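Novice: coords please:
(one chain, ligands or ions: 2)
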Amino acid sequence: MPRKVNAFAHQVPSSVRVERVRNGLGIVARRTFARDEVVCCFEGRILGARTVWSLWDRDPRRAANCMRFGPESYLDPGEGLGAFANHSCKPNGGLIPQGRRLLVVALRTIRTGHEVTHDYSTFLGADDVWTMRCNCGERACRARIGRFDRLPPRTLAAYRALDLIPGFIEATARD
Ligand SMILES: C[S@@+](CC[C@H](N)C(=O)[O-])C[C@H]1O[C@@H](n2cnc3c(N)ncnc32)[C@H](O)[C@@H]1O
Ligand SMILES: [Zn+2]
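Specialist: Ligands and ions are numbered 1, 2, ... in the order given. Have a look, this model is predicted:
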């Protein structure tokens, strides 16, 4: 059954809202954000890798929403804002870990009404087997989204220059 738009509005900061977008529900800016501004943040429970593995059988949608948060841990956004964060191959946002949460930072100006996206690959380690068929609609869409170390070299270099690949993700390619 489709989930009701903004059913989780009480968890959404006033800077953004959850709306229907190209790929289901997504996060939409309620005002203009300048480059480098923090747009919103994702919070939730930190789960061990084994717990997330067991979630794949019981609740695959929730498991798919979990974001890598360390060598052996993931952030489970539950029904919070992070559960509505869509991927784009030309993202306007980037995720920066801060304490127990992820800040969403604007990579360029994000205007009111535009969807806030990030590149899922920046948080997919070399040992993460999850992949997704992409429907972002960008001309440079990669079609299949997966581990960061398989990003096109120029894209990976650009993300590294912006510090968008956390150390714990880089480390998965060295292990
Ligand atoms: C964190 S949820 C985002 C919210 C989701 N759109 C919804 O309506 O529940 C992640 C899921 O959204 C879908 N998704 C996100 N970005 C996508 C994209 N670029 N292309 C296709 N599906 C996407 C995938 O099903 C993915 O597993
Ligand atoms: Zn794409």
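Novice: CA atoms for contacts and neighbours, from now on please.
Specialist: Fine.
Novice: low pLDDT regions in the protein?
Specialist: Scanning the chain with the threshold set as pLDDT under 70 gives 1-13, 175.
Novice: what ranges does it have for its strands?
Specialist: For the chain, strands defined by DSSP state E occupy the ranges 16-21, 24-29, 38-42, 45-48, 67-70, 73-76, 86-87, 93-98, 101-106, 117-118, 132-133, 144-145.
Novice: export the ones you listed to a markdown table and tack on distance to residue 54?
Specialist: What follows is the strands of the chain, written out as a markdown table (distance: least, CA to CA, whole Å):
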| stretch | distance to residue 54 |
| --- | --- |
| strand 16-21 | 28 |
| strand 24-29 | 25 |
| strand 38-42 | 22 |
| strand 45-48 | 10 |
| strand 67-70 | 15 |
| strand 73-76 | 13 |
| strand 86-87 | 23 |
| strand 93-98 | 24 |
| strand 101-106 | 23 |
| strand 117-118 | 26 |
| strand 132-133 | 20 |
| strand 144-145 | 22 |
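Novice: so which of those comes closest to residue 59?
Specialist: Closest approach to residue 59 among the strands of the chain is made by strand 73-76 (12.0 Å; CA to CA).
Novice: residue 136 versus residue 143, what's the distance?
Specialist: According to CA to CA, to the nearest Å, residue 143 stands 9 Å off from residue 136.
Novice: which of those two has more neighbours?
Specialist: Per other CA atoms under 10 Å, whichever of residue 143 and residue 136 has more neighbours is residue 136, with 19 against 14.
Novice: so who does the closest residue to ligand 2 within the chain touch?
Specialist: When CA to the ion is the measure, the chain has its nearest residue to ligand 2 at residue 141, with 3.6 Å between them. For residue 141, the set of contacting residues under the criterion of CA atoms under 8 Å, 6 or more residues apart in numbering consists of 88-90, 134-135.
Novice: many thanks, have a good one.
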